[in-house]
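> Starting from these lines, generate the structure:
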Amino acid sequence: MPSTAFLWTVALKATLIFAAAFLVAFVIRRASASARYFVWTSALAMVLAVPLLSLSLRPWNVPLAVSAAAMVVNSQPSLAPGASAVAHPDRIGWFISLWLCGAGVVLLRTSIGHVRVQLLLRRSKPIRDAEWLGLLANASCQIDLRRHVDLRCSNDTDVPLSYGLLRPVILLPGTSDQWSVDRRRVVLLHELVHVRRIDWLSCLLSQLAVAVYWFHPLAWMAVSRFRQEQERSCDDAVVIAGTGQAAYAEHLVALARSLTSSRRPSPVALSMAETGGLEQRVHALLDPRRPRRALSGRVSVAALCATLVCAIPFAALRGQNAGPKSSLTGSVYDVSGAALPGATVLLNNVNGKNQEIARSGDAGEYQFASLPAGKYDVEIKAPGFALYRRARVELNPGTPVHLDIKLDVGSVSEAVEVVGKGPRPASSGPPKRIRVGGNVQATKLVQMTKPVYPDTAQAAGIEGTVLLHAVISMQGNLLGVAVVNTSVDPQLAQAAMDAVKTWQYEPTLLNGAPVEVVTTITVNFRLEH
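Sure, this is the predicted structure:
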């Protein structure tokens, strides 16, 4: 898949994922914050996994009325020598460059944030106070956290932060030694819940999603909702742990007021006192009817499995461009430059299943008006002329291609077999009975219903050739009749299908036993002028 078409396809899939996440979040708006947090986490993980799965999974092609790939202006196709093409110049290189620049800026900004937090942690001091360590141990037991967490203090921050995956750290402001015991316990519970749920990894996923989809407004909106539900679900966990709702809201507001504009928490770290959505958080805390229970393990596993089941086929989905298509026209000449009528032009889609067929007209011209984009192998046959083959002719959406071909005169060969008498070979033992095979009796068409030319097609002056593939069964009837060329008029294709399905054959015999064989049937609809 071309890089630009791949980016457009991924962007379209991300749009659908974000839209589905917003819809699900709206439907479960009365559910707990942890359920909505799971929805947004799953959505961000999916938009990152889809590009990787799309590159590794076998494509699942589905025709679309309008494909995102059709919006991409492809580069000039590669044609055979002597062929002329009208192609647009490459005008999409700037798109890839722009995307890379935007992603680089976002990643650079995120990296700077991580470096600043690392420097902040290096300048901080470990907390050795017995009261703090005792509260930390009690809070860890209260939420069943068995990981070791470093507790540090710094005068360079106004609010508590948690950071890190393998070695999580809780960083407290220098004024924390003046906090009451209740505030210390609340802050530690909140940050330890982040550590227990590995929220720092989810936060990192959100940063990567914004970097990849920096151009997408829904990505920024989704990450904003993700951070809000992350903090709300953490608030609910602290309340479930036994903290009074009103007291917790009071501590939350007090910590948010202590935040100065010059020391706002870095988005790469998890902070309890984020000012964004503070009013909604307080309102949710004081609402006695709001559900706060976290998702159970079984529900989480079931939801995760359902997400994977949806993500894998969705990533493999490919939209075949059924809107703007390509066209191939040209003329067939002999070596003297004279037009060659009646030549058969065959196209075989290298990356698809369609095969197309056309015949050159009285002036040697041929035309394929509507073809799916892709690379085609071209084969031209004419009685008395050598077979012409050309591989990998690329047809791009909206780019008409003109290809003129000259056929060489076919070579003539004769074979003569001279038979003489030689000495009889000496016998090497008693005679043996040998089963001789290879006796093939070809199939014969015994009953044929001639296709009827549709009246509407005749009135419209529509001509064309229908190429059918089928299997002649051991009973002599046709199985799996299918039209393999997509450029033919649907009326002609249906008329050919209706007639051919009734044909009856004598089955092919191999050593006297009937066998199934594949057949190709060509039905040519031609108007007499």
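
> okay, CA-based contacts and neighbour counts for the rest of this
OK.

> which residues in the stretch 301-450 of the chain form helices?
Under the criterion DSSP state H, counting those that start in this stretch, the stretch 301-450 of the chain carries no helices.

> Strands of that one, start to end?
Assigned by DSSP state E, counting those that start in this stretch, the strands in the stretch 301-450 of the chain fall at 317-321, 326-334, 344-349, 355-359, 365-371, 374-381, 388-395, 401-402, 405-407, 440-441, 444-447.

> ditto for the stretch 1-150 of the chain
60-64, 84-85, 125-126, 150-154.

> among these, which gets the worst mean confidence?
Set side by side, the strands of the stretch 1-150 of the chain show their lowest mean pLDDT on strand 84-85, which sits at a mean of 36.

> any idea how far the closest residue in space to Gly342 that isn't next to it in sequence is from Pro160?
Counting by CA to CA, 6 or more residues apart in numbering, Gly342 lies nearest to Ser360, which is 5.1 Å off, once chain neighbours are set aside. Going from Ser360 to Pro160 by CA to CA, to the nearest Å gives 78 Å.

> quick one: which of these two has more around it?
Neighbours of Ser360 and Pro160, each counted by other CA atoms under 10 Å, are more numerous for Pro160; the result is 25 against 22.

> The closest residue to that one other than its chain neighbours: how many residues sit nearby?
In space, Pro160 comes closest to Leu172 once its chain neighbours are excluded; the distance is 4.5 Å by CA to CA, 6+ apart. A count of neighbours around Leu172, defined by other CA under 10 Å, yields 27.

> same thing with the one 4 residues further on?
If you count neighbours by other CA under 10 Å, Ser176 ends up with 17.

> domains in the protein, as residue ranges please.
Following automatic domain parsing, one gets these domains for the chain: 3-57+92-315, 325-407, 440-525.

> most packed of the strands of the stretch 301-450 of the chain?
Across the strands of the stretch 301-450 of the chain, the average number of neighbours (mean count of other CA atoms under 10 Å) peaks for strand 355-359, which reaches a mean of 23.

> tilt between that strand and strand 326-334?
Taking axes from the mean of the first three to the mean of the last three CA atoms, to 10 degrees, one finds strand 355-359 and strand 326-334 inclined to each other by 40 degrees.

> just checking, what packs against strand 355-359?
Applying 3 or more CA pairs under 8 Å, 6 or more residues apart in numbering; DSSP states H and E, we find strand 355-359 packed against strand 344-349, strand 365-371, strand 464-472.

> coming back round to it: nearest approach to Thr41 belongs to which of the strands of the stretch 301-450 of the chain?
Of all the strands of the stretch 301-450 of the chain, the one in closest proximity to Thr41, counting by CA to CA, is strand 317-321 (22.2 Å).

> helix or strand for Trp200, which one?
Secondary-structure element containing Trp200, defined by DSSP states H and E: helix 199-212.

> how far away is Val210 from Val117?
Using CA to CA, we find Val210 at a distance of 20 Å from Val117.

> higher neighbour count, the two?
Neighbours were tallied for Val210 and for Val117 using other CA under 10 Å; the higher tally belongs to Val210 (24 against 19).

> tell me the phi and psi of Thr520?
Note on Thr520: its backbone torsions stand at phi -120, psi 130 [degrees, to the nearest 10].

> do the one 5 residues further on as well
Here is the backbone geometry of Phe525 (degrees, to the nearest 10): phi -100, psi 120.

> Relative to Gly461, how far out is it?
According to CA to CA, Phe525 stands 11 Å off from Gly461.

> can you map out the strands along the stretch 151-300 of the chain?
Taking DSSP E, counting those that start in this stretch, the strands of the stretch 151-300 of the chain run over residues 161-163, 169-173, 270-271.

> Tell me which of those strands is the most buried.
Sort the strands of the stretch 151-300 of the chain by mean neighbour count, taking mean count of other CA under 10 Å, and strand 161-163 sits at the top with a mean of 25.

> What's the mean pLDDT across that one?
Per-residue pLDDT over strand 161-163 has a mean of 91.

> Likewise for stretch 227-246?
Per-residue scores along stretch 227-246 average to 89.

> again with stretch 496-507
With pLDDT averaged residue by residue, stretch 496-507 scores 91.

> Kindly check the end-to-end length of that stretch for me.
Length of stretch 496-507, first residue to last, CA to CA: 21 Å.

> do the same with stretch 463-478
Across stretch 463-478, the terminal residues are separated by 25 Å (CA to CA).

> Report the distance from it to the chain centre.
Remark: stretch 463-478 is offset 35 Å from the chain centroid, using CA atoms, centre = their mean, to the nearest Å.

> now what about that stretch, what contacts it?
Contact with stretch 463-478 is made by 355-359, 457, 479-485, 488-489, 492-493, 496, 501-508, 514-527, as judged by CA atoms under 8 Å, 6 or more residues apart in numbering.

> cool, and stretch 336-348?
Among residues not part of stretch 336-348, those counted as contacts by CA under 8 Å, 6+ apart are 331-334, 354-366, 376-383, 406.

> ok, Asn458 - how many residues close by?
Just to correct that, residue 458 is Gln rather than Asn. 13.

> Now for it: which residues touch it?
The neighbourhood of Gln458, defined by CA under 8 Å, 6+ apart, consists of Leu527.

> Quick check, pLDDT for it.
Listed pLDDT for Gln458 reads 89.

> That one is in what secondary structure piece?
Remark: Gln458 resides in helix 455-459, with elements defined by DSSP H and E.

> now that helix, how far from the centre of its chain.
When C-alpha coordinates are averaged (CA atoms, centre = their mean), helix 455-459 and its chain have centres 42 Å apart.

> Now that helix: buried residues?
Of the residues in helix 455-459, those scored as buried under the neighbour-count criterion (16 or more other CA atoms under 10 Å) are Ala457.

> just stretch 294-313 next, same as before
Buried, per 16+ other CA under 10 Å, within stretch 294-313: 294, 303, 307, 311-313.

> Might you list the low-confidence residue ranges for the stretch 151-300 of the chain?
For the stretch 151-300 of the chain, the stretches with pLDDT under 70 are 259-266, 274-276.

> can you pull out the helices in it?
Per DSSP H, counting those that start in this stretch, the stretch 151-300 of the chain has helices spanning 181-196, 199-212, 217-240, 245-257, 278-286, 297-316. These are given in chain order.

> Dump those to CSV, plus distance to Leu340.
Written out in CSV, the entries for the helices of the stretch 151-300 of the chain read as follows (distance: least, CA to CA, whole Å):
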stretch, distance to Leu340
helix 181-196, 77
helix 199-212, 54
helix 217-240, 57
helix 245-257, 84
helix 278-286, 78
helix 297-316, 44
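
> which stretch among those helices comes nearest Phe22?
The closest approach between Phe22 and any of the helices of the stretch 151-300 of the chain, judged by CA to CA, belongs to helix 217-240 at 7.9 Å.

> For that closest one, name the packing helices and strands.
The helices and strands touching helix 217-240, judged by 3+ CA pairs under 8 Å, 6+ apart, are helix 3-27, helix 33-56, helix 181-196, helix 199-212, helix 278-286.

> ok, and what's touching that helix?
Surrounding helix 217-240, the residues in contact under the criterion CA under 8 Å, 6+ apart are 15, 18-19, 22, 32-34, 36-37, 40-41, 44, 186, 189-190, 193-194, 199, 203, 206, 209-210, 213-214, 245, 248, 272, 276-277, 281, 284-285, 292-294.

> Now a ChimeraX select for only the buried ones of those residues.
What follows is the ChimeraX syntax for the buried subset of the contacts of helix 217-240, where burial is set by 16+ other CA under 10 Å:
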select :15,18,22,32,33,34,36,37,40,41,44,186,189,190,193,194,199,203,206,209,210,213,214,245,248,272,277,281,284,285,292,293,294
